[in-house]
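> no FASTA, just this:
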């Protein structure tokens, strides 16, 4: 009775019912969920019709019908892209912006209502993050970002907090050789953030040096996104960026309290080398020639 498939299907039925996916008037605004999702995507800054279709996983025919219905309502306008006549762009009208704001308020209230029904709010959110990461793994994007951006600072804060929990001596970033932000910006280096929809779920930095090599720093993947090979994707993207910058030799350090990191490096062409810095926290050191 409690086999995995039946549990997944129970979950699917519960979510479909709770969010109102089958309602003809999603959140009471007079249009079904599909049209509301298109309006939401445009309201959140997506304008290229093909990109919206890919983001929502819609086929061309359904996307055209949903857009036409929104245009007929007077909430969306479409036009030809200024630089490419083969592409169409969409934007909200004044009425559309009001509808978008109404959906945002109702969706936020619905989300708060879900959380209020459970005594273990953080456990519920963690479960949601885990499921969302698994279901959207193919749509996780890796974006070069300023290391002082909001998304980067969030990831780094989570990374430092995790080190504090996992290291026996704790972790104080002021004692670590924390890389200067300018060393993780092109042309010296880069910083990459993994985004799952609007949530940052991983990061890694490429720190330029003046010693004939660059360092990979601050590789972190959110607990909910582990096991999805995201760490390997981040490392591959960083190595690709290093090649673009003409960097031929990479180094990194880690701590044996993070065995999954050491396993990743050993299985992707990195070799252990002697200590090359005076950072008090790492006890394992690796190098890779590109």
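It's in. Just so it is clear, the model here is predicted, and its values are computed rather than measured.

> the longest helix in this structure is where?
helix 94-116 (DSSP state H).

> now it: how far from the chain's centre is it?
Distance of helix 94-116 from the chain centroid (Cα atoms, centre = their mean, to the nearest Å) equals 22 Å.

> next one: stretch 281-290
The answer for stretch 281-290 is 26 Å, by Cα atoms, centre = their mean.

> the chain: helices as residue ranges?
Using DSSP H, the helices of the chain run over residues 4-19, 33-43, 49-56, 60-73, 94-116, 121-135, 150-166, 230-244, 259-266.

> need the winner for burial among those helices.
helix 33-43 (a mean of 21; mean count of other Cβ atoms under 10 Å). The way it works is simple: take the backbone N, C-alpha and C, and place the C-beta from them, glycine included.

> pLDDT on that helix, on average?
Across helix 33-43, the average pLDDT comes to 97.

> spatially central, which residue of this structure would that be?
Note on the chain: the residue nearest the mean C-alpha position is residue 195, at 1.6 Å, using Cα atoms, centre = their mean.

> in space, what's closest to that one - neighbours in sequence excluded?
residue 141 (5.1 Å; Cβ to Cβ, 6 or more residues apart in numbering).

> against residue 244, how distant is that neighbour?
For residue 141, the distance to residue 244 equals 18 Å [Cβ to Cβ, to the nearest Å].

> how about residue 187?
10 Å.

> can you pull the contacts of the nearest residue to residue 217 once chain neighbours are set aside?
Nearest non-adjacent residue to residue 217, counting by Cβ to Cβ, 6+ apart: residue 205, 4.3 Å away. The neighbours of residue 205, taking Cβ atoms under 8 Å, 6 or more residues apart in numbering as the test, are 147, 179, 184, 189, 190, 191, 192, 216, 217, 218, 238.

> flag the least confident of the residues you listed.
Comparing the contacts of residue 205 by pLDDT, residue 179 comes last, at 72.

> hang on, isn't residue 25 packed against residue 31?
Yes. Residue 25 lies in contact with residue 31 (Cβ atoms under 8 Å); the separation is 6.9 Å.

> so for those two, which sits in the more crowded spot?
Neighbours per residue (other Cβ atoms under 10 Å) separate residue 25 from residue 31, with residue 31 holding more: 21 against 12.

> picking that back up, quick one: the residue nearest to the centre of the chain from residue 40, how far?
From residue 195 to residue 40 the distance is 17 Å (Cβ to Cβ).

> look up how far residue 179 lies from the closest residue to residue 284 other than its chain neighbours.
Of all residues not flanking residue 284 in the chain, residue 254 sits nearest, at 5.0 Å (Cβ to Cβ, 6+ apart). Going from residue 254 to residue 179 by Cβ to Cβ gives 15 Å.

> and if you look at residue 199?
Residue 199 is 24 Å from residue 179, by Cβ to Cβ.

> pLDDT below threshold where in the protein?
Scanning the chain with the threshold set as pLDDT under 70 gives 1, 178.

> how does it look with 80?
Residue ranges of the chain with pLDDT under 80: 1-2, 175-180.

> let me see the domain layout of it.
4-117, 138-289 (automatic domain parsing).

> count of neighbours near the residue nearest to residue 195?
For residue 141, the neighbour count with other Cβ under 10 Å is 9.

> measure stretch 245-257 end to end?
One end of stretch 245-257 sits 32 Å from the other (Cα to Cα, to the nearest Å).

> list the contacts of that stretch.
With Cβ under 8 Å, 6+ apart, stretch 245-257 has contacts from 163, 166-168, 186-190, 206, 208, 212-217, 219, 239, 242, 261-262, 265, 270, 273, 276-277, 279, 281-290.

> for stretch 163-171, measure first residue to last.
Criterion Cα to Cα; first-to-last residue distance in stretch 163-171 is 6 Å.

> distance of the nearest residue to residue 160 once chain neighbours are set aside from residue 116?
Leaving aside its chain neighbours, residue 160 sits nearest to residue 173 (5.3 Å; criterion: Cβ to Cβ, 6+ apart). According to Cβ to Cβ, residue 173 and residue 116 sit 36 Å apart.

> repeat for residue 56
Counting by Cβ to Cβ, the gap from residue 56 to residue 116 is 28 Å.

> same check, this time on residue 243
Residue 243 is 50 Å from residue 116, by Cβ to Cβ.

> now do residue 275
Remark: distance between residue 275 and residue 116 (Cβ to Cβ) = 52 Å.

> on that earlier part again, in strands only, show me the contacts of residue 205.
Residues of the contacts of residue 205 located in strands (DSSP state E): 190, 191, 192, 216, 217, 218.
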